[in-house]
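Participant: sharing a sequence plus its predicted fold:
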Amino acid sequence: MDTSNRIVSVVDDELDITRLFRDALSNSIDDASVVTFNDPIIALEHYAKNKQSYALVIADMRMPAIDGLELLKKVKKLNPKVRTILISAYEFQKSRISKLSQRWNHKFLYRKASKNQYITSNSNR
């Protein structure tokens, strides 16, 4: 895969969260394009058209239309080699997350801070 065409995608129905991730990742990753989506259906369509270029898909657990777990299952069916991270601001039982992570080979990131905390911490920089 040509590294100049690699794609990292962030899918979250909250615009502030996708902007935060885009800004943080764009400043940290030189060899990939960071794309964000607030609609998981549109994200899946983009992924299907560009699946060989994707390096990573980060998706929020709770979204309308398709939840993050279902989205990442579909992503993995199209390209099992892509890396995936499921994020959530909600607490889940550790045993449930462990089972999901093992079964679908996803990483899980608990997003503890609220979007206001993210905005406050970023505005202090």
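Facilitator: Ah, there it is. Residues are numbered from 1 along each chain as shown.

Participant: show me the shaky parts of this structure.
Facilitator: Along the chain, the parts satisfying pLDDT under 70 run over 1-4, 89-125.

Participant: I66 - how many residues pack around it?
Facilitator: 18 (other Cβ atoms under 10 Å). Placement of C-beta: from N, CA and C, glycine included.

Participant: for G68, same thing?
Facilitator: Neighbours around G68, by other Cβ under 10 Å: 25.

Participant: surely it is in contact with I87?
Facilitator: Yes - G68 is in contact with I87 according to Cβ atoms under 8 Å; the separation is 7.3 Å.

Participant: in the helix or strand where K49 lies, which residues are buried?
Facilitator: According to DSSP states H and E, K49 maps onto helix 40-50. Across helix 40-50, burial judged by 16 or more other Cβ atoms under 10 Å covers P40, A43, L44, H46, Y47.

Participant: find the residues that touch each one of G68 and I87.
Facilitator: Shared contacts of G68 and I87 (Cβ atoms under 8 Å, 6 or more residues apart in numbering): A59, D60, M61.

Participant: please, where are all the helices along the protein?
Facilitator: Under the criterion DSSP state H, the chain contains helices at 15-28, 40-50, 68-78, 94-104, 115-123.

Participant: and the third one, which residues are buried?
Facilitator: So the one you mean is helix 68-78. For helix 68-78, a neighbour-count test (16+ other Cβ under 10 Å) marks G68, L69, L71, L72, K73, V75, K76 as buried.
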